[in-house]
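Chemist: Here is the input, now give the coordinates:
(one chain, ligands or ions: 1)
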Amino acid sequence: MHGYLVKLRVKSTRQEYAVVASKRFLPPAGVNRSKPEQPLRVVISGASGGLGLALARHYLKQGAVVGVMARRADLLQSLADQFPHRVYPYPLDVRDTLAMQSAAQDFISRCGVPDIVIANAGVSVGTLTEHAEDTDTFQQVVEINLLGAVKTFQPFLLAMRDAGCGSLVGIASVAGFRGLPGAGAYSASKAALISYLESMRVELRDSGVRVVTVCPGYIKTQMTEINPYPMPFILEADVAARRIARVIEQGKSFAVVPWPMALAGHLLKRMPNWLYDALFCKAPRKPRGLL
Ligand SMILES: NC(=O)c1ccc[n+]([C@@H]2O[C@H](COP(=O)([O-])OP(=O)(O)OC[C@H]3O[C@@H](n4cnc5c(N)ncnc54)[C@H](OP(=O)(O)O)[C@@H]3O)[C@@H](O)[C@H]2O)c1
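Modeler: This is a model prediction of the structure:
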């Protein structure tokens, strides 16, 4: 069994004992209690570099088998060569529904139902609505950052719900807390991802499947290399991966990494518009045209 059902008996008003509530107590996230001898099974999108690769390496160090998805096949294969029989590379684009479904089927048939699925693939680029050519960029950013997460989870969801355990993890961003000027597509995609993950979390309540929303601040990766502004509390990718893995293990539903960015995020969310606008109107912007 995955988790165990506890029935609470209390006296009803008719002085009869009746079952009035039941509650599923869950095992720690990511642990399939049905097969404790099995290694952890993890699937990560966007694992050819940056945070996704760091997460893959983190779980590989823990002895997990890891399914890795991204477009750059050579980088996935190089990881697979370093960890024979423990890395399942899926060279694909997260926008490709059929490729995502067939990768999920393949992983499940080879390794079993995953304990953790991390929708991490993402792109960040400056966009401005006034430029007609940015409209296509808006579409790509939303398709990768938001719909890519839906397509990552969808083919695993029924199997995980049947198993009654596991974690679906979305890598959102503090950039989803407020609309950042010059990054409308990115901010909107991450804000939408945060809402989508929340919907899923409530939908899956009591199913045994946890939904974890992670909002990183800044992480040293290719994505941030070209940022022309200061990045407070920036983390190395391996440090961020360790902290995110801890959040998943602890079964938290929402976390900002690192924690000082949680404070900054909280202030940002609460800041009145007049102050936010005044502070951010002149903020340096992410360069456009990078996709
Ligand atoms: N770095 C930060 O400061 C920061 C802060 C907050 C949130 N995040 C989020 O963290 C996640 C990872 O970012 P990162 O910093 O590690 O960026 P990164 O170094 O640029 O890595 C992005 C990863 O996503 C993959 N990817 C992009 N588009 C894809 C697509 N269409 N299909 C499949 N894979 C795709 C890339 O692989 P291929 O190019 O090989 O496909 C790569 O593996 C993103 O969701 C990002 O928004 C990052």
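
Chemist: Contacts only, for the residue nearest to residue 122 when sequence neighbours are not counted.
Modeler: Closest residue to residue 122 apart from its sequence neighbours, by C-beta to C-beta, 6 or more residues apart in numbering: residue 145 at 4.8 Å. The way it works is simple: take the backbone N, C-alpha and C, and place the C-beta from them, glycine included. Going by C-beta atoms under 8 Å, 6 or more residues apart in numbering, residue 145 touches 121, 122, 123, 186, 189, 190, 193.

Chemist: Most proximal residue of the stretch 51-200 of the chain with respect to the ligand?
Modeler: Among the residues of the stretch 51-200 of the chain, residue 122 lies closest to the ligand, at 2.2 Å counting by C-beta to the nearest ligand atom.

Chemist: Give me the buried positions along stretch 280-291.
Modeler: Of the residues in stretch 280-291, 285, 286, 288 count as buried by neighbour count, 16 or more other C-beta atoms under 10 Å.

Chemist: Now the residues you listed in CSV, please, with extra columns for secondary structure, distance to the ligand and pLDDT.
Modeler: Shown next, in CSV, are these (DSSP: H, G, I helix; E, B strand; the rest coil; distance: C-beta to the nearest ligand atom, whole Å; pLDDT from 0 to 100):
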residue, secondary structure, distance to the ligand, pLDDT
285, coil, 15, 91
286, coil, 11, 88
288, strand, 16, 92
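
Chemist: how about CSV for the residues you listed, with distance to residue 92 added?
Modeler: CSV is the format used below for these (distance: C-beta to C-beta, whole Å):
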residue, distance to residue 92
285, 31
286, 26
288, 27
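
Chemist: so which helix or strand takes in residue 158?
Modeler: helix 148-163 (DSSP states H and E).

Chemist: Would you mind putting the CA coordinates of that helix into PDB?
Modeler: Output of helix 148-163 as PDB, limited to C-alpha atoms (Å, rounded to 0.1, in the frame of the first residue of the first chain):
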ATOM      1  CA  GLY A 148       5.900  22.300 -21.300                       C
ATOM      2  CA  ALA A 149       5.200  21.600 -17.700                       C
ATOM      3  CA  VAL A 150       1.700  20.300 -18.400                       C
ATOM      4  CA  LYS A 151       3.100  18.000 -21.100                       C
ATOM      5  CA  THR A 152       5.800  16.800 -18.700                       C
ATOM      6  CA  PHE A 153       3.300  15.800 -16.000                       C
ATOM      7  CA  GLN A 154       0.400  14.700 -18.100                       C
ATOM      8  CA  PRO A 155       1.700  11.300 -19.300                       C
ATOM      9  CA  PHE A 156       2.800  10.300 -15.800                       C
ATOM     10  CA  LEU A 157      -0.200  11.500 -13.800                       C
ATOM     11  CA  LEU A 158      -2.600   8.600 -14.000                       C
ATOM     12  CA  ALA A 159       0.100   6.000 -13.300                       C
ATOM     13  CA  MET A 160       1.300   8.100 -10.300                       C
ATOM     14  CA  ARG A 161      -2.200   8.500  -9.000                       C
ATOM     15  CA  ASP A 162      -2.900   4.800  -9.300                       C
ATOM     16  CA  ALA A 163       0.300   4.100  -7.400                       C
END
